[in-house]
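Colleague: Need coordinates for the below:
(one chain, ligands or ions: 3)
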Amino acid sequence: MKGTVPATVILGAQWGDEGKGKAIDQLASRYGWAVRFQGGNNAGHTIVIGDTTLKLHQIPSGLPTPHCNLVLGDGMVIDPWVLEKELDAWNALTGEKPEGSRLFISERASIILPFHRLYDSADKVVGTTGRGIGPAYRDRIERVGIRFADIEGLLENSQSISASASRMSSQLAAIGIDHRISAQDLENDLRWILDRYGDAIAPTGHMLDIALRNGEQVLLEGAQGAMLDIDQGTYPFVTSSVTSRANASHGAGIHPGHIGPCLGVTKAYTTRVGNGPFPTEIPSEDPSGQHLAKVGHEFGTTTGRPRRTGWLDIPALMEAHRVNGFSGLVLTKLDVLAGLDEIKICIGYELDGRPITMLPVRAEDVARCIPVYETHPGFEAISEDEWLAMAQKSHEEKSWLEALPDAAASIVTRIEELSGIEVQCVGIGPDRRSTLSKPGGMFDHPLNLGNF
Ligand code: GDP
Ligand code: IMO
Ligand code: MG
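Modeller: Ligands and ions are numbered 1, 2, ... in the order given. Reported below is the predicted structural model:
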């Protein structure tokens, strides 16, 4: 038996959509396993490889890497119908059916049923993705949810199915949704899930434990972001799971001693989808915000909603660092800042006339924070192809920030100074290859088109 190699964790350091999918895809060639450990299809992780764009919601971003095993882990809530669409899309693209051969669904993961989606559609406060995430986690916490492991037993117990269906129906009635769940519908759904995924449902925690003890490399893929964490984020405008490093091992079903490097992914600015406080948000009439939205294509990968845009928020990043202890940063979308006259970075806030550097606990207070900015000179816009060429040249020459325009390089250095966290790579375009990698760092390996 080989020695254990620590697992790597990659997390969103902001309010989601930082570019986690791209970073995980870039690292996956060096890993045997990519594992989602929380959340569900509220996530939308984009991978761009040449002319191919993949939008993954539940399948880990190791999918385009043929030797990478994929786990939908214990801590997830999984919509089996959405998963089928993701698998069909992949099959249409490549002919591969990974389920049961290299894609495994944890027996312990909870199932998102039509009931959960219906219940979530009543949300008027948080601005959820409407995918049933909160209601599915609520059922899990109430200990009435259905896990993949439970299906077979339930199908032999018609009383239990009836009780679940009538509980769901009365909960829908209580919030005024005119839809009832029949026992027959629930039974049909569960039978379909078992038929569709039978071989792929597996004891994934044990599989990962064995893989780690055999010296295989494991990548743990966070969804959402630190500021959306149920315990540590801008509650109640958060998602319903623990998005943090501490849950990466637990949600994957392995012990915390396996966790090694933890990378935080942050844009060079900030975006947020849905409701909730956002201190550095740029007012919609301000051309800088419009620039970020347009050049950054800031529309939700899952719902298509426009993302709110704002400047980089160092106090929020430090909050994410406090909780996660990042060993490195993946800085994304630096290219999107090109073409702005000036670039702001929030270095603190004022609240009730007093300077503060920590995010307050209550969402109402976060909303009242007035950001304190430092302003940096902008740099010129160039085309997406020119950024890609810059990244490729830098890979060939093993150069680092000197490949960038001076004003862009200073932004990276300043973010390192302010956060005290080393930047491991800098994203300068959506393509897998559009990244500058720190020589000798975790991303310093060939980023090519692979089979695409
Ligand atoms: P995730 O949820 O963290 O995986 O991020 P999303 O996929 O939801 O959103 C990130 C968006 O930015 C996607 O459209 C990516 O293709 C794109 N993207 C990622 N990194 C970069 C980058 O460095 N530059 C640019 N211009 N786009 C990027
Ligand atoms: P990825 O993994 C951005 C937001 C929703 C809403 C709040 C709660 O792509 O970064 P939920 O449906 O989870 O109950 O919604 O969280 N949200 C995300 N925002 N990226 C995501 O995932 C998100 N997942 C949830 O917009 O504000
Ligand atoms: Mg996303």
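
Colleague: give me the residue from the stretch 251-400 of the chain nearest ligand 3.
Modeller: Residue nearest to ligand 3 within the stretch 251-400 of the chain: Thr301 (4.3 Å; CB to the ion). Glycine gets a C-beta too; all of them are placed from N, C-alpha and C.

Colleague: Next up, the contacts around the nearest residue to that residue once chain neighbours are set aside.
Modeller: Counting by CB to CB, 6 or more residues apart in numbering, the nearest residue to Thr301 once its immediate chain neighbours are dropped is Gly44, at 2.7 Å. Residues counted as contacts of Gly44 (CB atoms under 8 Å, 6 or more residues apart in numbering) are 17, 55-57, 300-302.

Colleague: sorry, back to before: secondary structure class for the residue of the stretch 251-400 of the chain closest to ligand 3?
Modeller: coil (DSSP: H, G, I helix; E, B strand; the rest coil).

Colleague: contacting residues around Arg143?
Modeller: So Arg143 contacts nothing (CB under 8 Å, 6+ apart).

Colleague: Could you check how far it is from Asp150?
Modeller: 11 Å (CB to CB, to the nearest Å).

Colleague: ditto for Ala363
Modeller: 35 Å.

Colleague: Determine which residue of this protein is most distant from the centre point.
Modeller: Residue farthest from the centre of the chain, counting by CA atoms, centre = their mean, is Gln159 at 38.2 Å.

Colleague: The helix or strand hosting that one: which residues count as buried?
Modeller: Per DSSP states H and E: Gln159 is located in helix 158-174. Neighbour counts over helix 158-174 (16 or more other CB atoms under 10 Å) mark 160-161, 164-165, 168-169, 171-172 as buried.

Colleague: contacting residues around it?
Modeller: Contact with helix 158-174 is made by 113, 115, 118-119, 144, 146, 154-155, 178-183, 185-187, 190, as judged by CB under 8 Å, 6+ apart.

Colleague: quick revisit: now the residue nearest to Thr301: phi and psi?
Modeller: phi -140, psi 110 (degrees, to the nearest 10).

Colleague: What of Thr52?
Modeller: phi -100, psi 130.

Colleague: Need the nearest residue in space to Ser410, chain neighbours excluded.
Modeller: Nearest non-adjacent residue to Ser410, counting by CB to CB, 6+ apart: His376, 6.6 Å away.

Colleague: Restricted to buried residues, select the contacts of helix 158-174 in ChimeraX.
Modeller: Buried members of those, defined by 16+ other CB under 10 Å, are picked up in ChimeraX with:
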select :113,115,118,119,146,154,181,183,185,186,187,190
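
Colleague: Roughly how far does Gly62 sit from ligand 3?
Modeller: 16 Å (CB to the ion, to the nearest Å).

Colleague: doesn't Pro261 fall inside a strand?
Modeller: Yes. According to three-state DSSP, Pro261 belongs to a strand.

Colleague: Leaving out the residues flanking it, which one is nearest to the one residue in the stretch 351-452 of the chain that gets nearest to ligand 1?
Modeller: The nearest approach of the stretch 351-452 of the chain to ligand 1 comes at Gly427, 2.2 Å away (CB to the nearest ligand atom). With sequence-adjacent residues excluded and distances taken as CB to CB, 6+ apart, Gly427 is closest to Thr332, at 3.7 Å.

Colleague: Give the closest residue to the residue in the stretch 1-150 of the chain that ligand 2 sits nearest to in space, chain neighbours not counted.
Modeller: Of the stretch 1-150 of the chain, the residue with the smallest distance to ligand 2, taken as CB to the nearest ligand atom, is Gly16 at 2.4 Å. Nearest residue to Gly16, sequence neighbours excluded (CB to CB, 6+ apart): Gly225, at 4.4 Å.

Colleague: Identify each buried residue in stretch 214-233, please.
Modeller: Those would be 216-230, 232-233, for stretch 214-233 by 16+ other CB under 10 Å.

Colleague: So which of the contacts of helix 158-174 sit within strands?
Modeller: Among the contacts of helix 158-174, DSSP state E puts none in strands.

Colleague: before we move on, back to that, average pLDDT across the helix holding Gln159?
Modeller: Mean pLDDT, computed over helix 158-174, is 97.

Colleague: Begin at 198, not 1, for the rest of this chat.
Modeller: In the new count, where the first residue is 198, that last one comes out as helix 355-371.

Colleague: Tell me how far it lies from the chain's centre.
Modeller: Put simply, helix 355-371 sits 32 Å off its chain's centre (CA atoms, centre = their mean, to the nearest Å).

Colleague: Okay, strands next: where are they in the stretch 398-547 of the chain?
Modeller: 398-399, 415-418, 456-464, 466-469, 505-510, 525-529, 539-548 (DSSP state E, counting those that start in this stretch).
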